[in-house]
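>>> Provided below for reference: sequence and predicted model.
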Amino acid sequence: MTEEQSYTTEEIAKLLKISKLTVYDLIKKGDLVAYRVGKQMRIDAADLDAYKRRSKQLQSPAQAQQNALPGTTTTGQLSTDAVQRHSPVAGLSTVTGQGEPQTSNNRIASPSQMAAPSFASSSAGYGQNIAGAARHLVITGQDVSLDILMRHMERQSRDIRPLRSFMGSLDGLISMYRGESDLVSTHLLDGDTGEYNLPYIRKILTGWSYVVVNLLSRPAGLYVPRGNPRQLNDWTDLNQSDLRLANREKGSGARVLLDEQLRLHGIPASGLLGYDVEETSHMGVAAKVSSGEADVGVGIEKAARLVGQVDFIPLVQERYDLVMLRKQGNEAWIESVLHILRSPEFRQELRAFEGYDVSRTGEVLFEA
């Protein structure tokens with residue numbers, strides 16, 4: 001028997017020249033048939049061909065142009081011009097397939113510098129599943145606590161299937177604003193107020209109804225080589241000359257933390273060697289420091305312990321929160337997530353990770 005060719009969501013995104021989140025959207029709406037192999041989604045070649053045939057037959061080009069919403073392309077995606085006009089992030093020009101915002105400068109704007117969006121992204125029908133099929137929920141973020149949460153969600157209900165998108169905090173909120181994700185994890189510091197997450201959420205999710213709940217708190221700070229040879233003990237020490245930095249990607253919480261601290265302490269980013277070279281995870285930054293390729297990086301303690309040969313200098317206690325949209329069809333799984341977060345079993349699993357503070361886990365911090 002000949003085995004039929006199948007594709008991962010990443011391969012489908014490349015073949016169709018769309019973002020992986022758009023692939024998830026097609027799966028969630030039942031437009032593209034997919035199945036799970038372990039934790040991975042697969043799409044058979046025959047189902048991909050069937051989707052393409054249906055798309056071609058669905059409507060003529062004239063109808064597509066007539067039905068397109070203002071500010072969108074005929075495929076329903078936000079046009080580049082629309083993103084430029086309405087993006088809540090200063091300097092944002094477009095969003096790549098990996099969900100990383102491409103900016104005209106290297107700094108992420110603080111909420112006080114953001115322009116509030118002037119429209120709400122339409123998501124009619126988004127997330128609806130065909131009869132008898134499990135609903136897919138897109139969860140953004142990288143922390144191991146999200147893996148634990150997803151496992152509890154799958155165990156508690158067969159009606160939902162969580163899918164993971166490993167994007168940073170700011171990009172996750174933007175994807176939620178665009179209607180492309182359901183549950184976003186975020187740890188974004190507003191340097192002007194010293195508050196985490198809420199200033200950004202309020203600015204970006206204008207027009208949406210949502211709930212913000214705490215997942216955990218954890219120390220964040222500097223990765224330095226074993227023994228801390230450059231004696232980097234505070235943010236002000238980043239002003240040293242010829243300091244080699246391992247940096248995170250724009251849109252990540254660690255990048256925002258660094259940029260806010262540089263801004264508050266008047267330290268020019270141009271003075272840090274490697275500022276424009278980006279890693280996409282805490283582990284990647286810690287590995288650069290461990291190998292001697294960088295003198296310093298910003299991240300969380302867990303990565304330093306896993307990589308080894310790296311000392312961690314804690315400087316802030318950051319709050320790691322979850323954002324969930326309140327819209328038709330979401331209430332049941334939101335209540336399920338809140339129940340999981342408040343359960344002794346879930347909290348006990350998080351306590352196994354040194355430095356994770358679960359004293360406020362499950363606490364609703366804000367509702368809109």
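Thanks, I have the structure now.

>>> gap between the residue nearest to Phe353 when sequence neighbours are not counted and Val289?
Leaving aside its sequence neighbours, Phe353 sits nearest to Lys302 (CB to CB, 6 or more residues apart in numbering; 6.2 Å). In short, each C-beta sits where N, CA and C put it, glycine included. Between Lys302 and Val289 the computed distance is 14 Å (CB to CB, to the nearest Å).

>>> how about Thr9, what does it touch?
For Thr9, the contact set (CB atoms under 8 Å, 6 or more residues apart in numbering) comprises 20, 23-24, 27, 34, 41, 43.

>>> give me the pLDDT for it.
Note on Thr9: pLDDT of 85.

>>> now the helices for the stretch 201-350 of the chain?
Taking DSSP state H, counting those that start in this stretch as the test, the helices found in the stretch 201-350 of the chain are 253-264, 282-290, 301-307, 331-341, 344-351.

>>> of those, which is nearest Arg155?
Closest to Arg155 of these, according to CB to CB: helix 331-341, at 9.1 Å.

>>> coming back round to it: make a markdown table out of the contacts of Thr9 and add distance to Val211, secondary structure and neighbour count.
Below are those laid out as a markdown table (distance: CB to CB, whole Å; DSSP: H, G, I helix; E, B strand; the rest coil; neighbours: other CB atoms under 10 Å):
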| residue | distance to Val211 | secondary structure | neighbour count |
| --- | --- | --- | --- |
| Lys20 | 26 | helix | 24 |
| Val23 | 27 | helix | 26 |
| Tyr24 | 22 | helix | 26 |
| Ile27 | 25 | helix | 23 |
| Ala34 | 28 | coil | 26 |
| Met41 | 27 | strand | 23 |
| Ile43 | 32 | strand | 23 |
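
>>> adding distance to Leu232 and mean neighbour count, write the helices of the stretch 201-350 of the chain out as TSV.
Putting the helices of the stretch 201-350 of the chain into TSV (distance: least, CB to CB, whole Å; neighbours: other CB atoms under 10 Å) gives the following:
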stretch	distance to Leu232	mean neighbour count
helix 253-264	12	23
helix 282-290	11	23
helix 301-307	13	19
helix 331-341	35	17
helix 344-351	29	14
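
>>> between those helices, which one is nearest to Arg54?
Set against Arg54 and scored by CB to CB, the helices of the stretch 201-350 of the chain come closest in helix 331-341, at 28.2 Å.

>>> run through who's touching that closest one.
135, 137, 149, 152-153, 156-157, 160, 183, 211, 213, 215, 322, 324, 326, 346, 361-362, 364.

>>> just those: which are in strands?
135, 137, 160, 183, 211, 213, 215, 322, 324, 364 (DSSP state E).

>>> let me see the contact set for Gly194.
Here Gly194 is in contact with no residue (CB under 8 Å, 6+ apart).

>>> need the phi and psi values for it.
With angles defined as degrees, to the nearest 10, Gly194 sits at phi 80, psi 10.

>>> from Gly297, how far off is it?
23 Å.

>>> and Gln261, how far is that from Gly30?
Distance of Gln261 to Gly30, computed by CB to CB: 45 Å.

>>> doesn't Gly299 make contact with Val285?
Yes: using CB atoms under 8 Å, Val285 is in contact with Gly299, at 5.1 Å.

>>> so the helix or strand where Ile139 lies versus helix 331-341, what angle?
For Ile139, the host element (DSSP states H and E) is strand 135-140. Calculated by axes from the mean of the first three to the mean of the last three CA atoms, to 10 degrees, strand 135-140 forms an angle of 50 degrees with helix 331-341.

>>> report all helices and strands that strand 135-140 contacts.
helix 20-28, helix 144-156, strand 160-165, helix 169-177, strand 183-186 (3 or more CB pairs under 8 Å, 6 or more residues apart in numbering; DSSP states H and E).

>>> for stretch 327-347, how far is the first residue from the last?
27 Å (CA to CA, to the nearest Å).

>>> next: stretch 36-56.
Across stretch 36-56, first to last residue, CA to CA, it's 27 Å.

>>> in it, what counts as buried?
41-43, 47-48, 51 (16 or more other CB atoms under 10 Å).

>>> low-confidence ranges in the stretch 1-150 of the chain?
1-4, 21, 25, 28-29, 38-39, 57-133 (pLDDT under 70).

>>> any idea which element Asp192 lies in?
Residue-wise, Asp192 maps onto no helix or strand under DSSP H and E.

>>> so how far is Arg319 from it?
Counting by CB to CB, the gap from Asp192 to Arg319 is 16 Å.

>>> neighbour count: the two, which is higher?
Arg319 (21 against 14; other CB atoms under 10 Å).

>>> the more buried one bridge partners, please.
Counting by DSSP bridges, Arg319 is bridged to Ser217.
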